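K.L.:
Predicted model, plus sequence, below.
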Amino acid sequence: MKFLHTSDWQAGETFQFLGERSVYLKDARFQVVERIAQLAAEERVDFIIVAGDVFEFSRPDRVSLQRLARAMSLYEGPWLLLPGNHDPATPNGLWDQLSDDAVFTSEVLFMTTDVPILLDRCTAAILPAPLQARYAGRDLTEGFDEIETPPGYYRIGVAHGAVTGILPEAAEANNPIAADRAERGRLDYLALGDWHGFYRVNERTYYSGTPETDRFRANDSGSVAFVTIAQPGALPVIEQLPTGHFAWHEHTWVLGSQLDLDGVAHELEVYGPADVVKITIQGYVDLEGLGMLNALEEELRARVLVLDWDIHEVEVIPADGELASLSLQGVNGLVLERLMERRGDLDAGVFRRAVVELLSLGREG
Amino acid sequence: MQLRTVRLERVRRFNGLLELDDLREGINLIYGPNETGKSTIQMAIAAAFLEKYSSQAPQQELAPRDQPDARPRVQVTFVHDGETYELTKEFFRRGGTCVLRQGSTTFTGEEAVARLVGLFRFEAPSSRLISEAQLGLPGVFWVPQGGALGVEAALDHARVHFIREIGDEIGSARETAADALVERLRRIRTEVVTPTGRGGPLAQARRDLDRCEVAVAQQEELQRNSKLLRDRLAQIQAELTDLEAQGVEAALGAEIEVIGQRHVELRAMLAARERMLGERASLDERIADANQRLSSLTEEIERLRQFEAEAVTIEGTLAEREAELERHRSALVSLQAQDDRLGLRQAFMRLEREHQASIEQLAAVVERENDVRARQRTSLEIREQIEHLSEQLQAVVVAEESADQLAELEARCVDLRARLQAVSTKVAVEIVEAGRLYLDGKAQLDSASLLLEEEMLLEVPGIARISLVPQQRAAALRLELDAAEADLADRLRATGAKDVGELRRREQERHDLASSLDGRRRELAQLLGDADPAVELADLERRREVQAQRCEAIAQERAVLAESFGHSSDEVNLSPEAIDQLHGMIGFHTTTINRLEDEVRASREERLVKTEAIRWLMDSVDQRGGADGVERLRDRLDQLTQERERVDQDLAALDGRIGTEDLASLEERSVELHQRMEHHKDRIRRYREERGELIGQIRGDPFSEEELAGVVLARDRARTLVAALEERSEALATLIEVAEGIIADVQADLTAPLRDRLISYANHLFLAASVELDAAFKPRNLLRDGVVEPVSQLSFGTREQMALLTRLGVADLMAERGVPVFLMLDDAILNADGVRLTRLKTILTMAARRYQILIFTCRPELFSDLEPSRTIDLAATIQRS
């Protein structure tokens, strides 16, 4: 038996912290589902498990629902969708509405209760632990231990939450999952969601991570788990298959010299249209450096998909002789001189912008 | 600079040549009365330096009024910076000339003009007269009469030249550069914030932000509503769960069941109690009945005994009374026999009187009856007469018209006939031969006298025919008469009378008949009055018969009485006292007999009653068993009493089981429980309905978190854009502010030299005063004794003096920098008071050490204390010329 394990699609996420081009990242959440569906179709998997957080919001836009349904239609199913903490199966909530609206095909199964789903075609019993509220406050997978499934059926658990004491960083403990649940629940495989990076908890328990990276944290995201189990009780074979399109990069530099700035420019040369880049620059620059920074920002913003550019902590200190330079001779120099005198009273951004404007005038003049 | 000579030819009033020579450094006082040409000289000097020579306008301005085609010519010589200049301008349309000799060098035409423009700092004029804006520095130095206050405009024109002269040393180029920078910055800022089209990027971004804020607010409102819906649903679900968990319905149902059972039991017990109460009541009734029967029987036996004793007593009394009654009756019979005879006699006498009176009354009735019959007959006769008269009256026919009217018409006919006869011609025809003469075709046999009233034809055949024509008047009268007679005949015919006399007789007859008829009717009415004789007669006849019967009856009674007392009359002739005594005795016995009869009757009735009662009592007692019945009744009563005690005990036991409960309270409780049950069910139903409704609303809830996130994203973008634009706008505003600060500093530097000089002069003129200038070098405030006075609010004279000091200050600065300066003042200080005038003259004297001053005045005495370098009496000069 083989299936794909994915989670945390977060369809509908707006990435509002990334400005106007974040719309591309929102689109990417749907495009990656298309790729997963294509992959599933190519690999002829028995089913696909989505272990929670299918939607970013418990009340998504109807257009997003339609787009998701369209993206999923490339694989006929079955799709097994589990509610997560972002889209819990609250009474009369999203999942009830999905059931009513029939946006998805009948091969898309919503695991909104803990009733096992039997896939007779592949002799698999899917044991879901759906969140019916954002926070359960207890281990919903406890029930797996008691549930009996038909003999000879694979036992596949699906849950969304944080494995207690295992994750490398402190994750939310609101939806805890016992680390040995697979063993205690006699599971062949426990498909987990909530952690956005690909992570192996134990030989039968995995986080698939989000299939399209959605944050700057380096957590091995942007992939799905391709699970193969030879027979019930056999150890699963997990293969991490990349699905992400965009790469996220985050850099912080502290400038102190022209050489530093050249280095920054050099490092940034590698990024292109599939990159989401966050740059934080601190330190100080002279007037020429400030001009270079502006030019670099403009150039980089045109080159990469999304640029989060933060130079708020950059201080402008004219170099010796800069004020006497050709572009700042005469009254422009005098204005800059007086501007420098008043910098303590001015907002840093306003000051920097004023300097840039003045330099720009000097260049034009 | 020193102006040496001025020569005017063909200039205004100076048609010939006017020459002012030997003008010297310092003050030159040129005086003369009004209209001696002071202003013309100043104008000519100014024109020599400033005006275009080949132009019609200055030529026309300068030419004598009576010589428009003259070529005015002005020549001035002056020394400046060690060089002697001679400037000659001849003004004439396009043919004027300009020659400037500087030492041995001569400039002509536009080259000369260019030299002058450069030398004196003004703008070359066009073909028209030089405008104020072209005057440059000369505009500051040359003050026409009454034009002292024009210094502000003059400074505006001179500003550029002034700054150029003093700017280099104090960096005025910075001001220009800063000006340009500010201009550029403002232009750039305009691209961000100034409204262009719909308001520029910042305004647009703010509008977009506002729209986004509205969209976010709308979404948040939807979110709140959505949350309210879900919270309400959760609340209702919790309420429902609570209600269901409480098992209210089951508890109420069980309680209702218990109450129902208890109700049935209680109803049964109450029914049993009712029965027992009925039974007890029945027993009570039966006991009471037995008691009553016992009491009644006992009482009857007692009463029987009592009645029997009473009956014996009554019998004794009755016998006594009957004996006494018999005695009184015997006595009364005797007395009444005596009284009866006495009574018959008196009755006969009374009947006699009544009989007599009755006969009299009968006679009166008969008499009255006869009278009525006589009246009845008379009335019948009168009625017959009335009928007869009425018939006669109806037989007499009268016409509508009266006899008087027709008599009047008849008299008129008579009158007409008399008048006709009077006007007719009488024709006497004598027939000689009968039958020969024909009148109107008819043979006339006898002689006749004719009245000619109409046409006539007398003809004797074969001999003559004579036509007689009556007079016109006679014919008219004939016509009128005929008409009247015809009318009379018609009207008479209508009345049916032969003539008017007959008609008049008829009218008289009718009148007489009517009078008689009225008289008879009045007579009848008087005779009868309101009474009907027939009715009255019938009544009288009845009364007569009644009265006759009464007479008869009385007569019979009298006869009977007369027959009955046919005994001795002695017996009845008792004395009144004896009669009274007799009557007293009869009354006593009668009364006693009546009383005794009543008593006997009463005793008999009493005896009868008693006897009847005794019999009834005996029957009753016998029927109820007599004395044995009493014993039986007492036994029965004991039994009933015992039975009642048993019922009371049963009832007490039942009351103990019933307790304090009653059906009403149980029913109330049941109703209350049912109501609570209904309320509970209703509440649940309402909750379920609301839940259903809420679920429906939630399913149709338009809120989308994703959409909210979308609009928040858009809002944040808009905010970012606004912040960026605002930052840029603020940055540009800061740069503008800094640049304007630089400009202000430069301007302060530029105004400082002039201000220093002005303060020096002001201290001289006003003592301990200071002056503030604006950016255009104009005095803005005068500071005296610590008080700031806006120059615009000073008196005219003081403003005039401030203007003069400003000109002097500019002249000082320019003279120091090698600009050719000489002042022309045309009565420029006449508004100063004595002290100020003296101080002003001192100031002018001091200034004149640095440059030449030409003072033109019509009042030279004001300057008598001055020591001018040169004094020109213009009038004398003109006279010499």
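P.N.:
Nice, thanks for sending it over.

K.L.:
For stretch B:867-881, C-alpha coordinates in PDB please.
P.N.:
This file holds the C-alpha atoms of stretch B:867-881, laid out as PDB (Å, rounded to 0.1, in the frame of the first residue of the first chain):
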ATOM      1  CA  GLU B 867      24.700 125.900   3.200                       C
ATOM      2  CA  PRO B 868      24.200 124.500  -0.300                       C
ATOM      3  CA  SER B 869      27.200 124.200  -2.600                       C
ATOM      4  CA  ARG B 870      25.200 125.800  -5.300                       C
ATOM      5  CA  THR B 871      21.900 127.700  -5.400                       C
ATOM      6  CA  ILE B 872      20.000 128.300  -8.600                       C
ATOM      7  CA  ASP B 873      17.200 130.800  -8.900                       C
ATOM      8  CA  LEU B 874      15.400 129.100 -11.700                       C
ATOM      9  CA  ALA B 875      13.200 132.100 -12.600                       C
ATOM     10  CA  ALA B 876      16.300 134.300 -12.900                       C
ATOM     11  CA  THR B 877      18.100 131.600 -14.900                       C
ATOM     12  CA  ILE B 878      15.100 131.300 -17.300                       C
ATOM     13  CA  GLN B 879      15.000 135.000 -17.700                       C
ATOM     14  CA  ARG B 880      18.700 135.100 -18.500                       C
ATOM     15  CA  SER B 881      18.200 132.300 -21.000                       C
END
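
K.L.:
Provide the contact partners of it at residue level.
P.N.:
By Cβ atoms under 8 Å, 6 or more residues apart in numbering or on different chains, the list of residues contacting stretch B:867-881 from outside reads B:14, B:16-20, B:22-33, B:36-38, B:41, B:845, B:848, B:855, B:860. C-beta coordinates here come from the backbone N, C-alpha and C atoms, glycine included.

K.L.:
How far off centre is that stretch?
P.N.:
Distance of stretch B:867-881 from the chain centroid (Cα atoms, centre = their mean, to the nearest Å) equals 94 Å.

K.L.:
Check stretch B:688-702 too.
P.N.:
Here stretch B:688-702 is found 50 Å from its chain centre; the criterion is Cα atoms, centre = their mean.

K.L.:
cool, and stretch A:143-150?
P.N.:
33 Å.

K.L.:
Only the buried residues of it, if you could.
P.N.:
Buried residues in stretch A:143-150, defined by neighbour count with 16 or more other Cβ atoms under 10 Å in any protein chain shown: A:144, A:149.

K.L.:
quick one: terminal-to-terminal distance for that stretch?
P.N.:
Start-to-end span of stretch A:143-150 (Cα to Cα, to the nearest Å) is 16 Å.

K.L.:
Sort out which of the contacts of stretch B:867-881 are in helices and list them.
P.N.:
Among those, the members found in helices (DSSP state H) are B:38, B:41, B:845.

K.L.:
buried ones in the least confident helix or strand in chain B by mean pLDDT?
P.N.:
In chain B, no helix or strand scores lower on mean pLDDT, DSSP states H and E than helix B:172-193, which sits at a mean of 77. Of all the residues in helix B:172-193, those buried under the rule 16+ other Cβ under 10 Å are B:172, B:174-175, B:177-179, B:181-182, B:184-185, B:188-189, B:192-193.

K.L.:
residue in the stretch 1-150 of chain A nearest to chain B?
P.N.:
Residue nearest to chain B within the stretch 1-150 of chain A (Cβ to the nearest Cβ): A:Phe57, separated by 3.4 Å.

K.L.:
so what's A:Val158 scoring on pLDDT?
P.N.:
Per-residue pLDDT puts A:Val158 at 97.

K.L.:
Are we agreed that it is in a helix?
P.N.:
No - read with DSSP: H, G, I helix; E, B strand; the rest coil, A:Val158 is strand and lies in no helix.

K.L.:
returning to that earlier point: from the contacts of stretch B:867-881, which would you call buried?
P.N.:
B:14, B:18, B:20, B:23, B:25-32, B:36-38, B:41, B:845, B:848, B:855, B:860.

K.L.:
picking up where we left off before, list just the nearest of the buried residues of helix B:172-193 to B:Ala723.
P.N.:
B:Val192 (12.6 Å; Cβ to Cβ).

K.L.:
does the biggest helix by length in chain A come close to chain B?
P.N.:
If you go by DSSP H, chain A has its longest helix at helix A:22-43. Yes - against chain B, helix A:22-43 shows contacts by Cβ under 8 Å from any Cβ of the partner chain at A:Ser22.

K.L.:
which helices and strands does that helix pack with?
P.N.:
Applying 3 or more Cβ pairs under 8 Å, 6 or more residues apart in numbering or on different chains; DSSP states H and E, one finds that helix A:22-43 contacts strand A:2-6, strand A:47-50, helix A:62-72, strand A:223-228, strand A:306-316.

K.L.:
at 6 Å what do you get?
P.N.:
Judged by 3 or more Cβ pairs under 6 Å, 6 or more residues apart in numbering or on different chains; DSSP states H and E, helix A:22-43 is in contact with helix A:62-72.
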